[in-house]
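[1] heads up, no residue letters with this:
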């Protein structure tokens, strides 16, 4: 199972559909607070988390920090529509805690990555 978290519902639903077409079981959240609450129950079979960085109420970086308090190993991937420089700046202190950063224009790269690695 993959958790997909993005406050932009249309982007999240599209990514979910493509990941499911690759055979993945995907749970999509467009509210990061609800996602975090569900993550804290330590769902069985969670293989990876894909998360937007910039979201209202709860930034993706804060969600990762909270998640890493209970799970240090599940791969956690970020993506952003604000460019690699912005994403890199946001994530500079978290390099050991997340797996990879993708830019939203690189959604196909992210989907290919999951097709090849999961």
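    Everything's here; your move. Quantities reported herein were computed from a predicted structural model and do not represent experimental measurements.

[2] Show me what counts as buried in the helix or strand harbouring residue 16.
    Take DSSP states H and E as the rule and residue 16 turns out to sit in helix 9-21. By neighbour count on 16 or more other Cβ atoms under 10 Å, the buried set for helix 9-21 is 11, 12, 15, 16, 18, 19. No exception for glycine: its C-beta is placed from N, CA and C like everyone else's.

[3] possible to save those residues as JSON lines with pLDDT and distance to residue 39?
    Formatted as JSON lines, the buried residues of helix 9-21 follow (pLDDT from 0 to 100; distance: Cβ to Cβ, whole Å):
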{"residue": "11", "pLDDT": "89", "distance to residue 39": "20"}
{"residue": "12", "pLDDT": "92", "distance to residue 39": "16"}
{"residue": "15", "pLDDT": "90", "distance to residue 39": "18"}
{"residue": "16", "pLDDT": "95", "distance to residue 39": "17"}
{"residue": "18", "pLDDT": "90", "distance to residue 39": "22"}
{"residue": "19", "pLDDT": "93", "distance to residue 39": "18"}
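
[4] I'd like the next helix or strand past the lowest-mean-pLDDT helix or strand in the chain.
    Within the chain, no helix or strand scores below helix 84-91, which has a mean of 59 by mean pLDDT, DSSP states H and E. Sequence-wise, the next helix or strand downstream of helix 84-91 (DSSP H and E) is strand 100-103.

[5] Which strands border that next one, and is each parallel or antiparallel?
    For strand 100-103, the paired strands and their directions (DSSP bridges) read strand 76-80 (parallel).

[6] The partner strand to helix 9-21, inter-axis angle?
    Angle, strand 76-80 to helix 9-21, by axes from the mean of the first three to the mean of the last three Cα atoms, to 10 degrees: 140 degrees.
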